[in-house]
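Engineer: Below is the sequence, then the predicted model.
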Amino acid sequence: QVQLVESGGGLVQPGGSLRLSCAASGRTFNIYFMGWFRQAPGKEREFVSAITWSGGSTYYADSVKGRFTISRNNAKNTVYLQMNSLKPEDTAVYYCAAARGSFINIDSRHDYEYWGQGTQVTVSS
């Protein structure tokens, strides 16, 4: 089993920045991909970004490309999502996820086995 705990959410004005963290524990040697998803009220959970646990390859949704940056610190078993130039439409609960498989659909929530509890991000003036 893998446990994921997110932190770093909050209220920020449009144009501001936040950094989310996701600390992984347990059988982390099973992880191949780490991802961030988000879910706004009344909408489906959508892919935001992903990174390979060891190789550092990164992936982004078009809606966040150029504004968000995903990174990882293997020594701390932690993945980060740096969010800049935030917009009101970025408001959502952000979830960290982990996948064991190396051949997955990066942007499909169904391919991730482990999930955190989520952290609220609200972008509003």
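Structural biologist: The structure has been received and is ready for your questions. Numbering: from 1, shown residues only.

Engineer: what helix or strand does the spatially most central residue of the chain sit in?
Structural biologist: The chain has residue 36 as the residue nearest its centroid, 2.0 Å off, counting by Cα atoms, centre = their mean. Using DSSP states H and E, residue 36 maps to strand 33-39.

Engineer: Strands of this protein, start to end?
Structural biologist: Assigned by DSSP state E, the strands in the chain fall at 2-7, 10-12, 18-26, 33-39, 46-52, 58-60, 68-73, 78-83, 92-99, 114-115, 119-123.

Engineer: Identify the spatial nearest neighbour of the residue nearest to the centre of the chain, chain neighbours not counted.
Structural biologist: residue 48 (4.2 Å; Cβ to Cβ, 6 or more residues apart in numbering). No exception for glycine: its C-beta is placed from N, CA and C like everyone else's.

Engineer: C-alpha coordinates for stretch 107-118, PDB please?
Structural biologist: The C-alpha trace of stretch 107-118 is given here as PDB (Å, rounded to 0.1, in the frame of the first residue of the first chain):
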ATOM      1  CA  ASP A 107      -4.300  11.600 -18.000                       C
ATOM      2  CA  SER A 108      -6.800   8.900 -17.000                       C
ATOM      3  CA  ARG A 109      -7.700   8.900 -13.300                       C
ATOM      4  CA  HIS A 110      -8.700   5.200 -13.700                       C
ATOM      5  CA  ASP A 111      -5.000   4.200 -14.200                       C
ATOM      6  CA  TYR A 112      -3.900   5.500 -10.800                       C
ATOM      7  CA  GLU A 113      -4.300   3.200  -7.800                       C
ATOM      8  CA  TYR A 114      -3.600   5.400  -4.900                       C
ATOM      9  CA  TRP A 115      -5.100   8.800  -4.000                       C
ATOM     10  CA  GLY A 116      -4.600  11.500  -1.400                       C
ATOM     11  CA  GLN A 117      -7.500  13.100   0.500                       C
ATOM     12  CA  GLY A 118      -7.300  16.300  -1.600                       C
END
